[in-house]
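> Sharing a model prediction with you, sequence too.
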Amino acid sequence: MQTRVITSICAAFVLIGQAFAGEMTRGLTITGGRNAGASLKLERLNDPDAESGVLKLLVSVAQADDLKGYGFSLQYDPAKYEFVNAAELEENLLKSGSGQETLFLSSNRTPGQVDIGAVKIDGRGASGDGKLVELVFRTNGTPLSSDFQVSESVLVDMDGAVDMLHHAEIGDLKPLPDRFNLEQNMPNPFNPSTAIGYQLPEAGMVRLAIYNLIGQEVRVLVNERRNAGSFTVSWDGTDAMGRRVASGIYLYRIQAGSFSATKRMLLLK
């Protein structure tokens, strides 16, 4: 039994290690296993420090099933970002439930690409959603989702079956707002639709509604909990029943926690 476990670990690690040639799928047999529906997500862990320019990114996995190892390549613009290091988080999914160490590798031998791989060494799979690895970069620019691309992602389950991941989400990497704000709609005046932007420095309930000049509510555009970030919502000049409203001046008001603000806009026909 022990020999089979060691053999399985070594085989999985060989598969993961192929990432460092930047050719994750070369020579692999994508047999299909339990993780065809799993996905990776890249999101920001912090705002870039104004002085050091340090940007920390988190890679997590969702809907993993009996996961033993993973590997992926992350492409980025080397003119905008300098790769610093990659490290497993203390509470990453592969360590959960057992506390055992994993075999972890990272490589940045190809400019503009970092290759990551890890495999459990305790013979027990991990399931569910969880964090995997933290990536640290330096940048003097504003991080954008389009600056990064995850490719050649593979997951290996306890039976040694290999799945190619077909879904990798890049979250909003822009710095979080440092204050609440309601922007002037654009365009203004407008016909037939306009966009309203707003910023939230913290998560909470948000209500954004349209009113006529006598204070009657015309349409509620947002009424739900939102995470911190920058958002844009559109209004097509219709009321709650879907009917086109008359030309004229309208008010839009946001309420988010203790913050509230109201602005005017002009609908022309």
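Thanks, I have it. As the structure is a prediction and not an experimental result, all values here were calculated from the model.
> burial count for Val133?
Per other C-beta atoms under 10 Å, the neighbour tally for Val133 reads 24. Any C-beta I mention is one placed from the backbone N, CA and C, and that applies to glycine too.
> any weak-confidence spans in the stretch 1-150 of the chain?
Along the stretch 1-150 of the chain, the model assigns pLDDT under 70 to residues 1-31, 46-51, 96-100, 123.
> Just say helix, strand or coil for the residue located most distally from the centre of the chain.
The outermost residue of the chain relative to its centre, with distances by C-alpha atoms, centre = their mean, is Ile214 at 42.0 Å. Following DSSP: H, G, I helix; E, B strand; the rest coil, Ile214 is assigned to coil.
> which residues sit in contact with it?
By C-beta atoms under 8 Å, 6 or more residues apart in numbering, Ile214 lies in contact with nothing.
> what's the single longest strand in this protein?
Longest strand in the chain by number of residues (criterion: DSSP state E): strand 54-76.
> which neighbours does that one have in its sheet, and in what orientation?
For strand 54-76, the paired strands and their directions (DSSP bridges) read strand 39-44 (antiparallel), strand 113-120 (antiparallel), strand 126-139 (antiparallel), strand 148-157 (antiparallel).
> Deepest in the core, which of those strands is it.
Stretch with highest mean neighbour count among the strands paired with strand 54-76: strand 113-120 (a mean of 24; mean count of other C-beta atoms under 10 Å).
> Work out the gap between that strand and the centre of the chain.
Counting by C-alpha atoms, centre = their mean, to the nearest Å, strand 113-120 is centred 18 Å from the centre of its parent chain.
> Stretch 142-153 now?
Offset of stretch 142-153 from its chain centre (C-alpha atoms, centre = their mean): 10 Å.
> Next: stretch 163-183.
In terms of C-alpha atoms, centre = their mean, the centre of stretch 163-183 is found 5 Å from the chain centre.
> possible to save the strands paired with strand 54-76 as TSV with distance to Asp77?
Formatted as TSV, the strands paired with strand 54-76 follow (distance: least, C-beta to C-beta, whole Å):
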stretch	distance to Asp77
strand 39-44	15
strand 113-120	11
strand 126-139	9
strand 148-157	9
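> Of the ones you listed, give the one that comes closest to Asn185.
Nearest of those to Asn185, taken as C-beta to C-beta: strand 39-44 at 27.6 Å.
> List the contacts of the closest one.
The contact list for strand 39-44 (C-beta under 8 Å, 6+ apart) reads 55-63, 72, 74, 132, 143, 148, 150, 153, 165, 167-173.
> Could you list the paired strands of whichever helix or strand comes after the longest strand of the chain along with their orientation?
Using DSSP states H and E, the helix or strand that follows strand 54-76 in sequence is strand 81-88. Looking at strand 81-88 with DSSP bridges, its partner strands are strand 126-139 (antiparallel).
> Using CSV, write out every CA atom in the partner strand.
These are the backbone C-alpha positions of strand 126-139, laid out as CSV (Å, rounded to 0.1, in the frame of the first residue of the first chain):
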residue,chain,number,x,y,z
ALA,A,126,-9.1,17.6,-0.9
SER,A,127,-12.6,18.6,-2.0
GLY,A,128,-14.6,21.8,-2.1
ASP,A,129,-13.5,25.4,-2.5
GLY,A,130,-10.3,26.9,-1.2
LYS,A,131,-7.2,29.0,-1.5
LEU,A,132,-4.1,27.6,-3.3
VAL,A,133,-1.3,30.1,-3.7
GLU,A,134,-0.3,33.8,-3.3
LEU,A,135,1.6,35.5,-6.1
VAL,A,136,3.6,38.7,-5.4
PHE,A,137,4.4,41.2,-8.1
ARG,A,138,5.8,44.7,-8.3
THR,A,139,4.2,47.3,-10.6
